[in-house]
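# Pasted the sequence and its predicted model underneath.
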Amino acid sequence: MVTQIGIIGTGAWATTLGILLALDGKKTVLWSRTESRAQELTVARVNERSLPGVAFPELMTISASLEEAVVNSNLVIIAVPSVTIRENIRKVRSAIPSESNIVCATKGIEVVSGKRMSQVIMEELTGFERSQIGVLSGPNLAREIAAGNPATATIAFPSDSIAEQVQSTLSSESFRVYRSEDVIGVELGGALKNIIAIGAAFIDGAGLGPNAKAAFVTRGLHEITRLGVAMGARAETFAGQSGMGDLIATCYSNLSRNYRLGTGLASGKNLPSILEELGETAEGVPTTQAAVRLAKDLNIDMPITDATHAVLFEGTSPVEIIRNLMGRSLQPEVRY
C-alpha cells in the first residue's frame, strides 16, 4: 500500500500530479531543489508561475528536504525537464528507498546520449531493478487536469503486477489510467509527439486548413511509429493514449507549449524569444535534436522531424518546409 507519494519537481506537470493525487486522498510531497522556492509555494499554496489560480489541497505539501519528500515515499514520480533529469536524479538518489517504485512523468530524450528518460534514471539509480522503473504518458494538458476535467493516461512498467499496483494508485474519478508493459513505446510516443506538435502549428500559422493539418499529423504518427518500432517498441502502442491520444491533444491545443512554440515560429519570431515568452521548457526542441540523430543512426526516414529541425536550428522558413514535404518522392503509405 502506498502511504506517501514523493514528486520530484515543482513545474506545471509535477504540481498537477500532486493536486490530482492529494485530492484523491493521498499524502503527496513535492520536492523543490531550492528552499526559497519551497517556501514560496508553501506560503502561497498556489503555483502562480505554472498553474495560476489552482489552490493546493490540504494533503499536498512542498519541501526542499529529501527527508520529508523522498525518504518516506514508497512511490516516487519524476517530473522535471528532460535536460535536467540526470542532474536531479543524482541529487535525490541517495534518499529514495530501495523498495520504492519509480514513475518517470518526463517526456523527452536525452540529446547527447539519445537515451530515453527511464534509461537515464536506470543508469543513475544503481541498486534498483529494471522492473521498478516505469513511465506515465498520455493526452495530459496540465491545466485541464488541474481544473478537474476528465483525462486518461497510460502507465507502463516491465512488470504487469507493478503496473497494476501503480495504475490503481494513480487512477481517480477524473483521471483514468490504463496499463502496459511496453515501456519503450509509451515513453517514445510521449516524447516524439512534441516534434509533430511544433510542425502542426506551422500548418495553422500558414492557414493551410484542416486537410493539410490532418495529413501532417497522420504522417507524423507514421514516422513516430517507424522510429519506435526500430527502437524496440510495439507498433500498436502508438495507436493508444501515449501515441495517438497525446499527439491529438498536443497538436490541437494552445495549452501545449510545443504548439505555441510552433505558432510563434510561424509568425516570424525567433526561437530564443519564444522560449523566453513560454517561461517553461518546450520539450520538443531538445527532442527534435535527439530524434534526428537517432533516425540517422538507425537509418529511419523521418521527413517531418527533419523539417522541424530545419526550422528550429537551420533557419528554414515554415512555409518552405511545407512546400518541400509536399514535393518529396511518392511513397507507400505504411513502412514499418
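Cool, the structure landed.

# Quick one: residues contacting the closest residue to I248 other than its chain neighbours.
Leaving aside its sequence neighbours, I248 sits nearest to P139 (CB to CB, 6 or more residues apart in numbering; 6.6 Å). For every residue, glycine as well, the C-beta is placed using N, CA and C. When contacts are counted by CB atoms under 8 Å, 6 or more residues apart in numbering, P139 touches 151-153, 241, 245-246, 248-250.

# List phi and psi for P139.
Reported as degrees, to the nearest 10, the phi and psi values for P139 are phi -80, psi 80.

# Give me the distance between it and D246.
For P139, the distance to D246 (CB to CB, to the nearest Å) stands at 5 Å.

# A230 now?
Distance, A230 to D246, by CB to CB: 20 Å.

# Which of these two has more residues huddled nearby?
D246 (30 against 15; other CB atoms under 10 Å).

# which residue is nearest the centroid of the protein?
K107 (2.5 Å; CA atoms, centre = their mean).

# State the distance from it to S256.
11 Å.

# Common neighbours of those two, please.
Listed as contacting both K107 and S256 by CB under 8 Å, 6+ apart is no residue at all.

# picking that back up, quick one: contacts for the residue nearest to the centre of the chain?
K107 neighbours (CB under 8 Å, 6+ apart): 82, 117, 137, 187, 190-191, 194, 283, 287.

# List the contacts of the nearest residue to Q165 once chain neighbours are set aside.
If the residues on either side of it in the chain are set aside, Q165 comes closest to N101, at 7.4 Å by CB to CB, 6+ apart. Counting by CB under 8 Å, 6+ apart, N101 makes contact with 74-76, 132-134, 157, 162, 165-166.

# Is N101 bridged to anything, and to what?
Counting by DSSP bridges, N101 forms beta bridges with L75.

# Which pLDDT value belongs to it?
pLDDT for N101: 97.

# From S32, how far out is it?
22 Å.

# ditto for S273
S273 sits at a distance of 28 Å from S32 (criterion: CB to CB).

# Look at the two and report which has more neighbours.
Between S273 and S32, counted using other CB under 10 Å, S32 has the larger neighbour count: 21 against 10.

# about what we covered before: where strands are concerned, which of the contacts of N101 count?
In strands, judged by DSSP state E, the following of those are found: 75-76, 133-134.

# Taking the residues you listed, tell me the two that lie furthest apart.
L75 and I133 (11.9 Å; CB to CB).

# chain center to the one helix or strand A310 maps to: distance?
If you go by DSSP states H and E, A310 is part of helix 303-313. The chain centroid and the centroid of helix 303-313 are separated by 20 Å under CA atoms, centre = their mean, to the nearest Å.

# Could you list the buried residues of that helix?
Neighbour counts using 16 or more other CB atoms under 10 Å place 303-312 of helix 303-313 among the buried residues.

# Check stretch 36-46 too.
Applying 16+ other CB under 10 Å to stretch 36-46 flags 37-38, 40-41 as buried.

# just the CA coordinates of that stretch, formatted as CSV?
Coordinates of each C-alpha in stretch 36-46 appear next as CSV, following Å, rounded to 0.1, in the frame of the first residue of the first chain:
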residue,chain,number,x,y,z
SER,A,36,13.3,29.6,-1.4
ARG,A,37,11.0,28.1,-4.0
ALA,A,38,9.7,25.5,-1.5
GLN,A,39,9.0,28.3,1.0
GLU,A,40,7.3,30.5,-1.7
LEU,A,41,4.9,27.7,-2.7
THR,A,42,4.3,26.7,0.9
VAL,A,43,3.2,30.2,1.8
ALA,A,44,1.2,30.9,-1.3
ARG,A,45,-0.5,27.5,-1.5
VAL,A,46,-0.7,28.0,-5.3
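
# Now tell me what touches that stretch from outside.
Stretch 36-46 is contacted from outside by 10, 30, 32, 47, 52-56, 61-64, using CB under 8 Å, 6+ apart.

# quick one: the helices in the stretch 151-300 of the chain?
Using DSSP state H, counting those that start in this stretch, the helices of the stretch 151-300 of the chain run over 160-170, 183-205, 209-230, 246-251, 257-266, 271-278, 284-298.

# so which of those helices is the most packed in?
With neighbours defined as mean count of other CB atoms under 10 Å, these peak in mean count at helix 183-205, which reaches a mean of 28.

# Send me it as PDB with only the CA atoms.
This file holds the C-alpha atoms of helix 183-205, laid out as PDB (Å, rounded to 0.1, in the frame of the first residue of the first chain):
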ATOM      1  CA  VAL A 183       7.800   0.900 -21.700                       C
ATOM      2  CA  ILE A 184       9.700   1.900 -24.800                       C
ATOM      3  CA  GLY A 185       6.500   2.600 -26.900                       C
ATOM      4  CA  VAL A 186       4.700   4.500 -24.200                       C
ATOM      5  CA  GLU A 187       7.800   6.600 -23.500                       C
ATOM      6  CA  LEU A 188       8.700   7.400 -27.100                       C
ATOM      7  CA  GLY A 189       5.100   8.300 -28.000                       C
ATOM      8  CA  GLY A 190       5.000  10.900 -25.300                       C
ATOM      9  CA  ALA A 191       8.400  12.300 -26.300                       C
ATOM     10  CA  LEU A 192       8.200  12.300 -30.100                       C
ATOM     11  CA  LYS A 193       4.700  13.800 -30.400                       C
ATOM     12  CA  ASN A 194       6.100  17.200 -29.300                       C
ATOM     13  CA  ILE A 195       8.100  17.400 -32.500                       C
ATOM     14  CA  ILE A 196       5.000  16.900 -34.600                       C
ATOM     15  CA  ALA A 197       3.100  19.500 -32.500                       C
ATOM     16  CA  ILE A 198       5.600  22.200 -33.400                       C
ATOM     17  CA  GLY A 199       5.200  21.400 -37.100                       C
ATOM     18  CA  ALA A 200       1.400  21.200 -36.800                       C
ATOM     19  CA  ALA A 201       1.400  24.800 -35.700                       C
ATOM     20  CA  PHE A 202       3.200  25.700 -38.900                       C
ATOM     21  CA  ILE A 203       0.200  24.400 -40.800                       C
ATOM     22  CA  ASP A 204      -2.200  26.500 -38.700                       C
ATOM     23  CA  GLY A 205       0.100  29.500 -38.900                       C
END
